[in-house]
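Student: Give the three-dimensional model of this entry:
(one chain, ligands or ions: 2)
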Amino acid sequence: MDQERPVRLTHMSANLEMVVVLAAGEGTRMKSSTPKVLHEVAGRTLVGHVLKAVDSLKPKHVRVVVGAGREAVEAHLAQVAPGVTTVFQERRGGTGHATQLALAGTNISGTILILAGDTPMLTGQSLQELLKLHHAGGFTASVLTAEHPDPTGYGRIVRGDDGSLLRIVEERDADDFVKAIYEVNSGVYAFDAKALTGAIGKLSTDNSQGELYLTDVIEILRNEGGTIAAALIEDFIEILGVNDRVQLAESAALLRDRINEEFMRAGVTIVDPTTTWIDATAEIASDVTIYPGTAILGSSKIATGAIIGPRTTLESCTVLAGAKIVESNCINATIGKDAQVGPYSYLRKDTVLGTGAKAGAFVEMKNAKVGDGSKVPHLSYVGDATIGEGTNIGAATIFVNYDGVEKHHTTVGDHVRIGSDSMLVAPVSIGDGAYTAAGSVITEDVPPGAMGVARGKQRNVLGWVMRKRSGTQSAKAAARHSDEKKG
Ligand code: UD1
Ligand code: MG
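Tutor: Ligands and ions are numbered 1, 2, ... in the order given. The predicted structure is shown next:
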């Protein structure tokens, strides 16, 4: 992903003293018990995407202003970005108030970057370009802007006759003339830290919302003789914020397209990009083929030559070269080189398929190690098991791992042949080269090379159908044979 590439611009990065992420808002329109910035798209939270883009700038300090859902947001940040510090904004007094809190007690110089926590499309590249312009021009403040086809709700960029940025006017405070402006404020700014610290105390709540607007700092700095830049971003998609579930879905689809495009350009065949959902955290090598209706989620890693789908979900799985997975669902599983899965199989936590192994049609596995070349081709459950190499598990075999209270382990050796419809009642062990007879309920260990038979002996009650079911189609069909014999 572009935004995940290491940064070259080291002289600039050294200048980036602090990044402030504003994330204290309520997110009321999400109508959710989860704080807005913790909603996910493409396998990361909204704030997680922002922090990933920020991380590529290698800032000295990152401060996140938290408020609504503080505990949950702080717990999440501790996990995904342990280096950041949080600042608590108890009362939502506006973006200017949040910035005042973030700067309180600091005495920094150099550059400070400020952005919001709900813009998952923003790339590290665009942030770098803003910093580049900011530093190259020696500006006091630089604002990232975009031309939005529907600017409703955004702050508008008001430029003077010479094109320079005069001020930012919020929608609610705008007259018709200002509302007709398509260029909008992205909410991403680079500031000279000293100048910002000086100006931030001069904000007033003299606006329609009675809040302190960070945007007003632009006009203050300009009036004090500061130089202001407005950097117009090419693709307005990058600045889209998420405020409700409709925008959440829109940004998920846009991220999906962006991620798919990058993988396709890197040599991955995606047969139907509109139905292929790959998380930003997944890794896929070139010459992988992905069929429609497939999701590759979490920390999944797919090696070259693998064929995935159609209609397959892989969550945090490792798939080695040349493996093939058809119409299946796999979570925390490792699929070996040239192994095969599916159709319609479910591989759960800690399943490891060896090289050339097979979990065939309608097979469920959990905590199962399947050795190289071993096959579980049809309709089986394999739970809490170790299977050696070159072994075949007959159709409809069940590893009976649960006694109703505890789970137990089954060990199956190398080159074993388990007969169809065997029940292997754990804990139990089947030795190397052993067989089990079809339909056996195996409750005791089978030694190497033995045939385990555990089922009733068959007896045939001759003439039963003619006596007990006379007149039925079965009896008539059977009777033909006695006629034949007579004839
Ligand atoms: C803000 C900008 C607007 C811009 C838009 C871009 C202001 C006054 N307006 O408007 O010019 O076009 O973003 O999306 O800045 N927040 C806090 N504490 C607060 C208030 C907000 O942390 O007291 C955070 C929010 O969680 C959010 C960000 O700041 O992440 C922006 O706040 P929001 O209320 O969404 O501002 P907008 O009205 O979208
Ligand atoms: Mg907003």
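Student: near ligand 1, which residues of this protein show up?
Tutor: 22-25, 65, 89, 92-95, 97-98, 116-118, 154-155, 168, 170, 184-187, 213-215, 241 (Cβ under 6 Å from any ligand atom). All C-beta atoms are positioned from the backbone trio N, CA, C, and that covers glycine.
Student: Start and end of stretch 150-162, how far apart?
Tutor: 25 Å (Cα to Cα, to the nearest Å).
Student: Weed out the non-buried ones from the residues of the chain next to ligand 1.
Tutor: When the residues of the chain next to ligand 1 are checked for burial by 16 or more other Cβ atoms under 10 Å, the buried set is 22-25, 65, 89, 93-95, 97-98, 116-118, 154-155, 168, 170, 184-187, 213-215, 241.
Student: about what we covered before: could you tell me which of the residues of the chain next to ligand 1 are located in strands?
Tutor: 22, 23, 65, 116, 168, 184, 185, 186, 187 (DSSP state E).
Student: ok, and the closest non-adjacent residue to the fifth one?
Tutor: Yep, that's residue 168 we're talking about. Distances taken as Cβ to Cβ, 6 or more residues apart in numbering put residue 215 closest to residue 168, at 3.9 Å, once the chain neighbours are dropped.
Student: So residue 274, which state does it fall into?
Tutor: Look at residue 274: counting by DSSP: H, G, I helix; E, B strand; the rest coil, its state is helix.
Student: hey, where'd the helices end up in the stretch 1-150 of the chain?
Tutor: Counting by DSSP state H, counting those that start in this stretch, the segments of the stretch 1-150 of the chain that form helices are 10-15, 46-55, 70-80, 95-103, 124-136.
Student: er, the stretch 351-487 of the chain I mean
Tutor: Secondary structure of the stretch 351-487 of the chain (DSSP H, counting those that start in this stretch): helices at 464-468, 473-486.
Student: Excluding chain neighbours, what is closest to whichever residue of the stretch 151-300 of the chain sits closest to ligand 1?
Tutor: Of all residues in the stretch 151-300 of the chain, residue 155 sits closest to ligand 1, at 2.1 Å by Cβ to the nearest ligand atom. Nearest in space to residue 155, with sequence neighbours left out and distances taken as Cβ to Cβ, 6+ apart, is residue 185 at 3.8 Å.
Student: next one: residue 259
Tutor: Counting by Cβ to Cβ, 6+ apart, the residue nearest residue 259 is residue 278, at 5.1 Å.
Student: what sits against the one you found?
Tutor: When contacts are counted by Cβ atoms under 8 Å, 6 or more residues apart in numbering, residue 278 touches 42, 256, 259, 260, 263, 284, 295, 296, 297.
Student: Now render the residues you listed as a markdown table, adding neighbour count.
Tutor: As requested, those are exported to a markdown table (neighbours: other Cβ atoms under 10 Å):
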| residue | neighbour count |
| --- | --- |
| 42 | 23 |
| 256 | 21 |
| 259 | 23 |
| 260 | 19 |
| 263 | 24 |
| 284 | 24 |
| 295 | 23 |
| 296 | 29 |
| 297 | 18 |
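Student: Adding pLDDT, write those out as CSV.
Tutor: Shown next, in CSV, are the contacts of residue 278 (pLDDT from 0 to 100):
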residue, pLDDT
42, 98
256, 98
259, 98
260, 98
263, 98
284, 98
295, 98
296, 98
297, 98
